[in-house]
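**Q** Give me the fold of what follows.
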Amino acid sequence: MTINRWTRRATLLLASLAALLSGCTTYVTTQVTAFSDWSGNDATRTYAFTRAADQQNNLELSTYERVVANELATHAFRQVDAAQARYLVGLSYGIRSDMVTVAEPVYYNPWPAPYWGRPFDPWGPWGPYGPFPTAYVNQSYPIFTHLLGVRITERATGKEVYNVTARNSGAESSLVRAMPYLARSALADFPLGNGIVHTVKIPLDKNGAVSNEMAATGAAPAAMPAPASAPKVVQ
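**A** Sure thing, here's the model as predicted:
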């Protein structure tokens, strides 16, 4: 066989692998914790955002309020002036960075090609990963934890009726890019029961944006605290 023939085969193999990987779905996984005293007979879901005194001109907060407002709208919430609102919605958010150290194997090829008369095989007799690792090295990577809290109170009484927190971690260093996933996860099954902890998985599209489709939830609110549920996929 000629080298060109092996080259063509290797190229086709790599192309097939790339096509296979392109069909895999990547998810953003978020843990959601809710505390609720929500009434089921609230026919009027009007609200206004509330801020602390030092947040009145906060552009970052304004950006996140718009993201949360879009998600609230999917649950029949309507934003109005504070004086006319039945509910006040307050946001809390943050990002924290840590370093994670992972032990990774180091492989080597004791029989570099060519060998056994084979004209094309850049990885040697055992394939790209070798027969076994000869050593391990510690590699450190940054990991970022993103957080969003949504607190809903009754304007007239000040009573807290819903408090949900969404948290996820990953290599994303921007809270702005993580916020759409946090907001959708936090309100995906609104209203959750009191003390509910569950996991929401949202697919990542090819542009890194949040999917515009949402799966039916089918989750019944619980009156008492319950253990963490299995991951729920939101599309």
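
**Q** hey, what's Phe142 bridged with?
**A** No, residue 142 isn't Phe; it's Pro. Pro142 has these beta-bridge partners by DSSP bridges: Met99.

**Q** Could you measure from it over to Val150?
**A** With distances taken as CB to CB, to the nearest Å, Pro142 is found 27 Å from Val150. No exception for glycine: its C-beta is placed from N, CA and C like everyone else's.

**Q** out of these two, which sits in the more crowded spot?
**A** Neighbours of Pro142 and Val150, each counted by other CB atoms under 10 Å, are more numerous for Val150; the result is 23 against 10.

**Q** show me the contacts for Phe77.
**A** Phe77 makes contact with Arg45, Thr46, Tyr47, Ala69, Tyr87, according to CB atoms under 8 Å, 6 or more residues apart in numbering.

**Q** and what of Asn138?
**A** The neighbourhood of Asn138, defined by CB under 8 Å, 6+ apart, consists of Thr101, Val102, Ala103, Glu104.

**Q** May I see the buried residues of the one helix or strand the last one maps to?
**A** What that stands for is Glu104. When elements are defined using DSSP states H and E, Glu104 is found to belong to strand 87-106. Counting neighbours by 16 or more other CB atoms under 10 Å, one finds that the buried residues in strand 87-106 are Tyr87, Leu88, Val89, Gly90, Leu91, Tyr93.

**Q** okay, and for this structure, where does confidence drop off?
**A** By pLDDT under 70, the weakly predicted segments of the chain are 1-24, 40-41, 107-134, 205-235.

**Q** sorry, back to before: need the contacts of Phe77 in CSV (columns: distance to Thr63).
**A** Conversion of the contacts of Phe77 to CSV gives the following (distance: CB to CB, whole Å):
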residue, distance to Thr63
Arg45, 23
Thr46, 22
Tyr47, 18
Ala69, 11
Tyr87, 21
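
**Q** Mind checking which of those residues land in helices?
**A** Ala69 (DSSP state H).

**Q** Most neighbours among the contacts of Phe77, which one?
**A** Within the contacts of Phe77, Tyr47 tops the neighbour count with 22 neighbours, counted by other CB under 10 Å.

**Q** check contacts around that residue.
**A** In this structure, Tyr47 makes contact with Leu72, Phe77, Arg78, Gln79, Val80, Ala85, Arg86, Tyr87, Leu88, Val89, Ile152, judged by CB under 8 Å, 6+ apart.

**Q** out of these, which one sits closest to Val197?
**A** Of all the contacts of Tyr47, Ile152 has the smallest distance to Val197: 18.4 Å, by CB to CB.

**Q** part of a strand, is that closest one?
**A** Yes: going by DSSP: H, G, I helix; E, B strand; the rest coil, the assignment for Ile152 places it inside a strand.
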